[in-house]
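Peer 1: Sequence plus predicted model, see below.
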Amino acid sequence: GLTSDFQVMDEYQTEVAKARVYQSVFERRISSAREENPAQDAFLEAFRRATFGKAEVKITRQLDGFIEELHDLYLSAPNPKLWGNAPAIWEDGGEDWFVTGIDFEEEFVRLFRALQTLAKVDWKYWEEFRDELPSHRPGTPIKGRILYMMQRLLPGWNEIRDGAFTVKLNRTVHELDRACCDPLTRILRNFVGAELAVKLQRTRGIWEILHFYESTYADQVRRQGLLTFQDLQLLLSGHDHGEGDSSPVLTQIPGDDDRLQIDYRLDARYDHWLLDEFQDTNILQWRVISNLIDEVVQDNSGTRSLFQVGDIKQAIYAWRGGDTRLFTDIARRYNARETRLHPRNLDVSWRSGIDVIDPVNRIFGCPETLAELGLPEATLAQWQWHDHEVAPTRQKIEGCTLLLHPVPPEGEKPTTEDSYDLVVGILEEINPVERGIQCAILVQSNKQGTALVDHIRAHCRIPVMSESDVLIASDNPLNRALLSVFQCAAHPGDTFAWEHLRMTPYGTVIEREQLTVGAFSRRLLKELFESDFETVTRKWIASFESALGAAFDPFSRSRAEEFALAARLFDEKGSRDIDDFLAYIRRHRTREPIAGSAVQVMTIHKSKGLTFDAVILPDLGGNSLTTARRKIGAKENENREVQWVLDLPVKEIVQADPVLQTYAEECEAADAYESLCKYYVALTRASHANYLIADPLGPKSTSRNFVKLLELSLENEEPQETTFHGVPASVRFQSRTPRSNRRWYENFTAVADSPPDEETAPAEVDPARARLRPRRRTPSGSEIVSVSAAQIFSPRGGTARGFGTLVHAIFEDLGWADEGSLPALRAKWAGSGGGSEGSDAVLRDALEQVAGSLDDTAIRAALSRPSQQALLWREKNFEILLGNEWLSGTFDRVQIECDADGRPVRATIIDFKTDRATTPAEIDERVAQYRPQIETYGEVLRRMTHLPADAIRSGLVFTRSQTLRWL
């Protein structure tokens with residue numbers, strides 16, 4: 001259904017496309033500035049309705065919020081009857097909130113007359129409530145005495161409506177009877193109805209904005225082939241934008257027959273389907289392939305298979321559509337008549353030791369404790385737990401899990417800085433970098449991670465890297481100055497940018513040369529006309545450094561280089577517009593390179609799937625596990641189809657309405673489940689040790705957050721005072737297993753520092769030089785050998801290359817020489833020659849060379865398994881940048897020996913050669929020719945495994961002469 005080739009847009013392109021749509025919406029030509037613009041007027045009216053009651057004057061910011069948060073929802077539910085439509089929400093009329101003809105003044109007269117009959121009344125509260133209510137504007141924030149009274153009256157809505165309710169105001173208990181409750185019912189119903197009416201109107205206004213935006217966006221962006229990832233899912237799942245009906249749009253002439261033809265071709269191509277991380281799959285993604293999976297499951301030939309692999313306890317992406325219910329729904333669908341899907345629990349941990357797994361079982365595996373925490377019944381029913389076991393290979397590793405409370409200075413309450421100090425103390429004690437321990441610190445937000453990194457860098461020398469995305473253009477003074485340079489070029493009238501530039505070290509140059517902003521702008525525009533953004537950026541970096549009169553510090557130089565590299569990426573897009581460049585560079589994010597010799601700080605979400613020796617968790621507090629995210633309400637039915645959309649009112653009103661309360665409870669249960677999943681992921685990343693840091697809640701705490709769960713499940717002994725490198729802490733739990741050892745890290749030997757690689761040493765960049773592109777090379781390009789033209793063009797040369805490929809393919813099928821069966825190998829390759837006499841002869845020759853090589857004692861020993869923990873690579877492809885050369889190649893065979901923890905300790909490279917070299921002199925000559933190639937292989941493997949050069953040995957196997965030569 002697209003009019004041209006499509007392209008999936010990146011973040012910058014998406015923002016540019018959105019800005020282009022905004023411009024189209026608001027564009028009003030000067031010649032027609034005084035003419036009526038019905039389309040624009042309609043849009044502004046929709047915006048007024050969508051923001052009714054909000055004190056919001058920044059239209060673009062509000063629009064960004066609507067588009068970023070709700071555009072995808074609109075695409076999934078574009079029908080206007082679903083947005084802010086009371087009959088769709090309250091099918092049976094609901095609570096009949098929307099009454100008319102109620103006079104607040106008259107109702108308060110009746111209420112106060114009835115209150116006079118009560119034994120005790122706190123008139124101050126009722127009078128302030130009466131005086132403030134008429135002046136409240138529906139849709140505006142509820143404040144003061146109105147909020148106070150609603151928080152106490154609306155929870156008893158059913159009792160008030162029934163005519164009897166007891167409420168405590170201040171210290172006075174009010175026994176409200178029917179005479180009091182009747183006028184109070186009408187007052188509350190009118191108030192709630194007015195609030196809900198505004199929310200319905202606002203929701204319809206939001207739909208109008210989204211519809212207006214989408215109609216323009218579809219014409220100017222999507223139909224031009226520019227797609228987002230969400231667009232792809234909708235297209236592939238058969239969703240037609242703007243209509244709300246499911247219809248295929250994969251072909252130029254959409255129709256069921258066309259879609260079936262596409263599915264038929266895919267079905268004929270793939271027999272086996274493995275769907276990994278299935279707990280994060282959403283309903284749209286499933287609909288893309290559901291027809292194809294149907295064919296696989298219904299097939300009775302026994303030659304097709306489906307594997308769905310996922311851990312519903314790691315479903316931490318529900319906020320972007322991940323749906324764990326698909327597991328159950330799909331099993332119910334396919335097993336309706338007979339069992340076609342066979343579930344298998346994977347409860348054995350191959351990552352963690354007993355000191356990590358045992359506490360995890362205690363925290364997450366006790367239904368009574370989870371119920372005591374007050375989690376919703378739906379959450380408890382969904383949380384399917386099986387106690388974890390430790391894999392045999394991990395049962396002997398030592399470690400610990402500690403629950404620690406930071407100890408503040410005497411007389412003070414714990415602060416975030418106390419927790420950060422304890423993190424530093426733990427790092428200083430275990431000393432992960434010098435011991436070669438992989439250590440991570442997991443937090444819940446990028447902001448928290450950045451603050452923690454800054455604290456660690458300020459208080460200890462242990463290197464730490466942040467996995468948080470960084471806006472490189474705004475987190476340092478140098479790049480901010482570079483922004484002002486380009487801003488002045490594009491907009492000479494921007495006095496803020498010009499004055500900022502004059503305040504930088506370059507200001508002395510401006511004064512000395514008596515530059516005006518106009519002259520400065522012309523100079524820079526000329527430079528950009530003659531060159532590209534990267535070259536100009538590098539020139540200005542050098543100019544700033546020259547004006548400073550000193551070299552930049554490493555951080556500033558690093559950020560400047562990232563700015564220049566971002567400029568290179570922009571140049572590759574082909575745009576020459578400075579405003580486009582500024583928009584791009586301001587949004588450009590980067591992430592600090594993670595070094596093996598540094599502690600990593602990242603969010604829990606980014607840690608998913610990773611393994612570390614030790615994990616420190618200093619950010620375990622927060623809201624209740626059942627606290628739902630504030631978002632627009634979108635109720636779905638069992639088929640994941642949207643039933644209604646509503647901008648939800650305040651919590652007190654939601655709790656008073658049965659329909660909205662039911663929806664809120666569903667959201668709370670879903671968010672509580674996702675919270676459990678998040679903390680489960682956090683506590684299962686470590687292999688040896690978890691350090692849990694949290695402030696104590698106190699005996700009177702009613703919190704239902706994760707720290708409360710830790711206290712309920714782990715704290716069963718008196719706290720013990722201890723220190724970590726001098727930082728005090730209170731130990732509230734310590735794992736006690738046969739392998740428990742708080743000083744587990746002493747088993748790790750120190751890793752010697754290796755000298756920096758010459759190829760990776762940072763080179764000074766000459767801004768006057770054009771950027772250099774990496775030169776592509778293959779390892780075989782390092783061979784020192786002369787080949788005549790006759791050899792290249794002779795038929796025999798092609799036959800030799802084909803024969804060599806065949807020998808490599810046979811060796812690829814061979815695993816460990818001491819475990820493989822040569823007869824089985826012969827049987828597999830027998831008859832693979834193609835039937836011709838020549839081809840069969842070549843195959844027999846290849847098999848004989850492989851068999852002869854395996855008969856050699858030295859070669860057979862070299863190809864045998866060196867240990868039970870050894871890994872084997874066969875025909876392993878690689879791509880790597882060495883110096884200024886981009887290297888592409890393939891290892892014939894690599895054997896990696898690992899220690900008990902799975903870390904590489906030694907490696908062997910074997911390269912097979914089918915040369916016609918038989919005498920020792922000929923073999924010596926070939927070894928000299930191939931040495932540069934094999935040395936390149938060794939350097940690549942060293943980079944991949946972090947092994948020292950003396951732990952890697954390389955050998956050449958000459959198959960024709962059955963000779964092994966070690967280099």
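Peer 2: Good, I have the coordinates.

Peer 1: Centroid-wise, who is the farthest residue in the protein?
Peer 2: Here the chain has its C-alpha centre computed as a mean, and the residue farthest from that point, by Cα atoms, centre = their mean, is residue 117 with 62.0 Å.

Peer 1: Could you give the number of residues near the nearest residue to that one once chain neighbours are set aside?
Peer 2: Closest residue in space to residue 117, ignoring its immediate chain neighbours: residue 179 at 7.0 Å, by Cβ to Cβ, 6 or more residues apart in numbering. The way it works is simple: take the backbone N, C-alpha and C, and place the C-beta from them, glycine included. Using other Cβ atoms under 10 Å, residue 179 is surrounded by 16 other residues.

Peer 1: Kindly report the same for residue 924.
Peer 2: Residues lying near residue 924 (other Cβ under 10 Å) number 12.

Peer 1: Help me confirm that it is found in a helix?
Peer 2: Yes: when DSSP: H, G, I helix; E, B strand; the rest coil is applied, residue 924 is found to be in a helix.

Peer 1: returning to that earlier point: what separation is there between the residue nearest to residue 117 and residue 128?
Peer 2: Taken as Cβ to Cβ, to the nearest Å, the spacing of residue 179 relative to residue 128 amounts to 22 Å.

Peer 1: Residue 567 touches residue 534, doesn't it?
Peer 2: Yes: using Cβ atoms under 8 Å, residue 567 is in contact with residue 534, at 4.2 Å.

Peer 1: on that earlier part again, pull the distance from the helix or strand that the residue nearest to residue 117 is a member of to the chain's centre.
Peer 2: Assignment of secondary structure by DSSP states H and E places residue 179 within helix 178-220. Relative to its chain's centre, helix 178-220 lies at 34 Å (Cα atoms, centre = their mean, to the nearest Å).

Peer 1: So which residue is dead centre in the protein?
Peer 2: residue 606 (5.5 Å).

Peer 1: wait, is residue 174 part of a helix?
Peer 2: No: assignment of residue 174 by three-state DSSP gives strand, placing it outside any helix.

Peer 1: And the longest strand along the chain, what does it pack against?
Peer 2: Counting by DSSP state E, the longest strand found in the chain is strand 885-898. On a contact count with 3 or more Cβ pairs under 8 Å, 6 or more residues apart in numbering; DSSP states H and E, strand 885-898 meets strand 775-777, helix 795-813, strand 871-882, strand 904-913, helix 920-945.

Peer 1: residue ranges for the helices of the stretch 551-700 of the chain, please.
Peer 2: Remark: helices assigned in the stretch 551-700 of the chain by DSSP state H, counting those that start in this stretch are 554-573, 578-587, 604-607, 651-656, 658-683.

Peer 1: Dump those helices into CSV; add distance to residue 426 and mean pLDDT as well.
Peer 2: Written out in CSV, the entries for the helices of the stretch 551-700 of the chain read as follows (distance: least, Cβ to Cβ, whole Å; pLDDT from 0 to 100):
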stretch, distance to residue 426, mean pLDDT
helix 554-573, 26, 89
helix 578-587, 36, 89
helix 604-607, 17, 92
helix 651-656, 39, 93
helix 658-683, 16, 93
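
Peer 1: As a markdown table, those with distance to residue 197 would be great.
Peer 2: Shown next, in a markdown table, are the helices of the stretch 551-700 of the chain (distance: least, Cβ to Cβ, whole Å):
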| stretch | distance to residue 197 |
| --- | --- |
| helix 554-573 | 48 |
| helix 578-587 | 39 |
| helix 604-607 | 39 |
| helix 651-656 | 12 |
| helix 658-683 | 14 |
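
Peer 1: so where's the stretch 1-150 of the chain shaky on pLDDT?
Peer 2: Applying pLDDT under 70 to the predicted model, the residue ranges of the stretch 1-150 of the chain that meet it are 1-4, 25-60, 93-95.

Peer 1: Give me the residues contacting the helix or strand harbouring residue 546.
Peer 2: Here residue 546, judged by DSSP H and E, is contained in helix 533-548. Applying Cβ atoms under 8 Å, 6 or more residues apart in numbering, the set of residues contacting helix 533-548 from outside is 478, 481-482, 485, 504-506, 508-509, 524, 527-528, 551-552, 560, 563-565, 567-568, 570-571, 581, 765, 767-768, 770-771.

Peer 1: Helix, strand or coil: sort out residue 482 for me.
Peer 2: helix.

Peer 1: Mind pulling the model confidence for it?
Peer 2: Residue 482 is assigned a pLDDT of 94 by the prediction.

Peer 1: got a list of what it touches?
Peer 2: For residue 482, the contacting residues are 473, 537, 540-541, 544, 560, 563, taking Cβ under 8 Å, 6+ apart as the criterion.

Peer 1: The same query, at a cut-off of 7 Å, please.
Peer 2: With contact taken as Cβ atoms under 7 Å, 6 or more residues apart in numbering, residue 482 is in contact with 537, 540, 563.

Peer 1: and the second one, how many neighbours?
Peer 2: Using other Cβ under 10 Å, the number of residues around residue 540 comes to 22.

Peer 1: The last one too?
Peer 2: A count of neighbours around residue 563, defined by other Cβ under 10 Å, yields 24.

Peer 1: Double-check it against residue 472; I have them as touching.
Peer 2: Yes: counting by Cβ atoms under 7 Å, residue 563 does reach residue 472; the two are 5.9 Å apart.
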